[in-house]
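*Asks:* Sequence and predicted structure, then a few things I'm wondering about:
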Amino acid sequence: MKADADADTPRTSLLLVDDDRLILGTLGAGLRHLGYRVDVAVDVAEAEALLGASLRPDLAIVDMHLPGSDGLALARRLAELGHVPFVMLSAYSDAANVERATRSGALGYLVKPLMLHQIQPAIETALRRARELDELRRTSAQLQAALDTDREINVATGIAMAQYRMARQPAFELLRNAARAQRRKLAAVAQELVRACESRQR
C-alpha cells in the first residue's frame, strides 16, 4: 500500500542526502514507489542548492558522514530553515554517533543497510513527531502572544489610571469603551497608548 494513496492528498516530500549513489537510486526509487515525493543530493552543497531553490521537505533523511561537510552541519541548516525535521542515516550504530545525532535534534537514527519495510515506519514515526513538535511551537507562540497582549493591556490600564486618577476597573472600562467606539481591538488601542506614552518620555 502506498503512503499517500488518495490522489487529492499532497504527497509527503522527502529529501534524501547520501554520497552513495547506489543508495540514492535504490532507496529513492523504493520511497517513490511507496508514494513519497523524493529529492536527492549527494552532499551538503547539493542539498544546500536544493534548499536555496526553496525546497522545504516534510522530512530529510541525512547521512551522517558526507564528503566535505558532515550531515550534522546540514542538520543545523535544516533547523535554521523553519525547523525542517530530519532523521540521520549511518553505517555505524555506536553510541557516540547516536548521541551526536540525538543532540543535533534528529527524530530518528537509521542504520545501513536499509530495507524499505524497516524505513517506512521510521519515516512515519518521525513525521508524526515533527507534527507534534510543530503544534507545540505554535501553541507556545500563541501563548507568548497572549501574554504579551495581556501585559500591554495591563500597562495601558495603569497609564489610564495615572492620567485620569481613577481605579483599575474604571480605567480598563475606559480603554474598552474607546476600542468599541473606534471599532478596534482592545489590544491595538492599548498598544497605541503605551507607544504614545513611551514617545513622550523620550
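*Replies:* Received the coordinates, thanks. Numbering: from 1, shown residues only.
*Asks:* Return the distance of R11 relative to L59.
*Replies:* Counting by C-beta to C-beta, to the nearest Å, the separation of R11 from L59 is 12 Å. To be clear about C-beta, it is placed using only N, CA and C from the backbone, and glycine gets the same treatment.
*Asks:* May I have the secondary structure class of the residue nearest the centre of the chain?
*Replies:* Nearest residue to the geometric centre of the chain (C-alpha atoms, centre = their mean): H83, 3.4 Å. Secondary structure state of H83, per DSSP: H, G, I helix; E, B strand; the rest coil, is coil.
*Asks:* Then D19?
*Replies:* coil.
*Asks:* Ramachandran angles for it?
*Replies:* Backbone torsions of D19, given as degrees, to the nearest 10, read phi -80, psi -10.
*Asks:* for this structure, which helix is longest?
*Replies:* Counting residues, the longest helix found in the chain (DSSP state H) is helix 116-164.
*Asks:* Tell me which of R11 and L59 has more neighbours.
*Replies:* Remark: of R11 and L59, L59 carries more neighbours, 24 against 16, as counted by other C-beta atoms under 10 Å.
*Asks:* who does that one bridge with?
*Replies:* With beta bridges defined as DSSP bridges, L59 has these partners: L14.
*Asks:* doesn't R131 make contact with the residue nearest to the centre of the chain?
*Replies:* No. Between H83 and R131 no contact is recorded; they are 11.4 Å apart, counting by C-beta atoms under 8 Å.
*Asks:* Low-confidence bits of the protein, can you list those?
*Replies:* Applying pLDDT under 70 to the chain picks out residues 1-10, 82, 137, 140-141, 143, 146-148, 201-202.
*Asks:* from the middle of its chain, how far away would stretch 92-105 be?
*Replies:* 21 Å (C-alpha atoms, centre = their mean, to the nearest Å).
*Asks:* just stretch 189-202 next, same as before
*Replies:* 34 Å.
*Asks:* got the contact list for it?
*Replies:* When contacts are defined by C-beta atoms under 8 Å, 6 or more residues apart in numbering, stretch 189-202 is touched by residues 149, 152-153, 155-157, 159-160, 175, 178-179, 182.
*Asks:* one more time with 10 Å, if that's ok
*Replies:* 148-160, 162-163, 172, 175-182, 184-185 (C-beta atoms under 10 Å, 6 or more residues apart in numbering).
*Asks:* Quick check: PyMOL command selecting the buried ones in these.
*Replies:* A single PyMOL command selects the buried members of the contacts of stretch 189-202 (16 or more other C-beta atoms under 10 Å):
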select buried, resi 149+152+153+155+156+157+159+160+172+175+178+179
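*Asks:* hmm, what's the outermost residue in the chain?
*Replies:* The chain, farthest from centre, C-alpha atoms, centre = their mean: R165 at 46.7 Å.
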